[in-house]
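Novice: curious how this folds, go ahead:
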Amino acid sequence: MKFSSLFSPFRRRALAAMLAGIAILAIFPAFVTAGDVDGLRAVDLRRIRALIHADRPALEALLADELTYGHADGRLQTKPELLAALAGGAVAYQSYDGPPPTVRIEENMAVLTGVAELEATARGTQVKLWLRYLAVYRKCDGTWRLTAYQSTRLEQPPAGLR
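Specialist: Residues are numbered from 1 along each chain as shown. The predicted structure follows:
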């Protein structure tokens, strides 16, 4: 077999396609599936249910130790501060409802954005408000944990809410 026959046009194209595939996998190491998005939405729903029920063990597992939690009134809390506020009754969530958030996943980070209607008691005052929020999750040891949350109060219900 001649050396030149090893690199026939067909083999050159096949080699080029294989190298292009390897390059694409190096640039995009993980493909996001609908199951990934649905799974992350389920994790976020568990977080919301745990907030409503002030379920400390569940929140311990769902919240990253480095959490920064920004409230719609401008307050910023760490994980221990948020857990203490829930345990001490400084804040109690009654409901948190809205359409499924938009989810963007890139490797071990995910960003959820959405709108919600919230009812809570904060420092003895009942509040009902509409929020636009951003939640950032990081996957560590196979588990998604909320690492940052920020909400902004809206003056009226956005499209998609009652």
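Novice: list the buried residues of stretch 76-95.
Specialist: For stretch 76-95, a neighbour-count test (16 or more other C-beta atoms under 10 Å) marks 77, 79, 82, 83, 85, 86, 91, 92, 93 as buried. (Each C-beta comes from the backbone N, C-alpha and C, glycine too.)
Novice: which other residues reach the one helix or strand the third one maps to?
Specialist: What it means is residue 82. When elements are assigned from DSSP states H and E, residue 82 belongs to helix 79-88. With contacts defined as C-beta atoms under 8 Å, 6 or more residues apart in numbering, helix 79-88 is touched by 51, 54, 56, 59-60, 63-67, 69, 77, 90-92.
Novice: for the chain, which spans come out with low pLDDT?
Specialist: Applying pLDDT under 70 to the chain flags residues 1-32, 34, 160, 162.
Novice: quick one, helices of it?
Specialist: Ranges of helices in the chain, per DSSP state H, are 9-27, 34-52, 56-62, 79-88.
Novice: list buried residues within the contacts of helix 79-88.
Specialist: 51, 54, 59, 63, 64, 67, 69, 77, 91, 92.
Novice: quick check: the farthest pair among these?
Specialist: Greatest spacing in these, by C-beta to C-beta: 64 and 92 (22.9 Å).
Novice: show me which residues of stretch 127-136 are buried.
Specialist: Residues 129, 130, 131, 132, 133, 135, 136 are the ones in stretch 127-136 that count as buried (16+ other C-beta under 10 Å).
Novice: domain-wise, how is the chain divided?
Specialist: Domain assignment of the chain by automatic domain parsing yields the ranges 1-30, 32-154.
Novice: and the angle for the longest strand along the chain with helix 34-52?
Specialist: Looking across the chain with DSSP state E, the single longest strand is strand 125-140. When axes from the mean of the first three to the mean of the last three C-alpha atoms, to 10 degrees is applied, the directions of strand 125-140 and helix 34-52 differ by 140 degrees.
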